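S.K.: the sequence isn't on hand, but the structure is:
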């Protein structure tokens, strides 16, 4: 469901595929439902990987933690002047990773589609730097939601 929400978000699609590029299905091309992808197959592009774990389970309610790794080839991180103008006009600032991370947070935070409460950023250690290889850089975001 998260991947579908990303596919339906114009800013997320544009940031992942490249500004002005033709739209393709993100699933298993740039967005994966596991945290690990085959690094030997990494093309020069932007990726989002994700996974969920049950953090703690009480007798009736469990806390689910959703981790997203947002990363891109170093050559794709700087934005062009046109891209900066487009995203800055919408209140997004920074480089591609900063803006994509912000767009993902805006897309998911507060959603009630994933559990009995709202999907929220984890209170502590919400985000950290993520560098899967020497040629890629990104950020890891952690959300939490409660469910039965």
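M.R.: Okay, I see it. Since this is a predicted model, take the numbers as computed values, not measurements.

S.K.: where's the closest residue in space to residue 2 that isn't next to it in sequence, which helix or strand?
M.R.: Leaving out its chain neighbours, the residue that sits closest to residue 2 by CB to CB, 6 or more residues apart in numbering is residue 50, at 6.3 Å. Yep, even glycine has a C-beta here, placed from its N, CA and C like the rest. Following DSSP states H and E, one finds residue 50 within strand 46-57.

S.K.: that strand: how far from the chain's middle?
M.R.: 11 Å (CA atoms, centre = their mean, to the nearest Å).

S.K.: pLDDT (mean, whole number) over that strand?
M.R.: The average pLDDT for strand 46-57 rounds to 90.

S.K.: swap in stretch 86-106?
M.R.: pLDDT averaged over stretch 86-106 gives 97.

S.K.: identify the residues contacting it?
M.R.: Defining contact as CB atoms under 8 Å, 6 or more residues apart in numbering, one finds that stretch 86-106 is touched by 6, 9, 11-12, 15-16, 19, 46, 48, 68, 70-72, 76-79, 83, 121, 127, 137-139, 141.

S.K.: check stretch 1-16 too.
M.R.: So stretch 1-16 is contacted by 20-21, 23, 25-27, 30-31, 33, 45-48, 50, 66, 87, 90, 92, 96, 99-100, 103-104, 107-108, 111, 113-114 (CB under 8 Å, 6+ apart).

S.K.: out of the residues you listed, list just those in strands.
M.R.: In this view, the contacts of stretch 1-16 that belong to strands under DSSP state E are 31, 46-48, 50, 66.

S.K.: which one of these sits in the busiest neighbourhood?
M.R.: residue 48 (25 neighbours; other CB atoms under 10 Å).

S.K.: excluding chain neighbours, what is closest to that residue?
M.R.: residue 31 (4.7 Å).

S.K.: distance check, the one you found against residue 99.
M.R.: 16 Å (CB to CB, to the nearest Å).

S.K.: also residue 91?
M.R.: Relative to residue 99, and taking CB to CB, residue 91 is found at 10 Å.

S.K.: between the two, which has more neighbouring residues?
M.R.: Neighbour comparison, residue 91 and residue 99: the larger count goes to residue 99, with 24 against 9 (by other CB under 10 Å).
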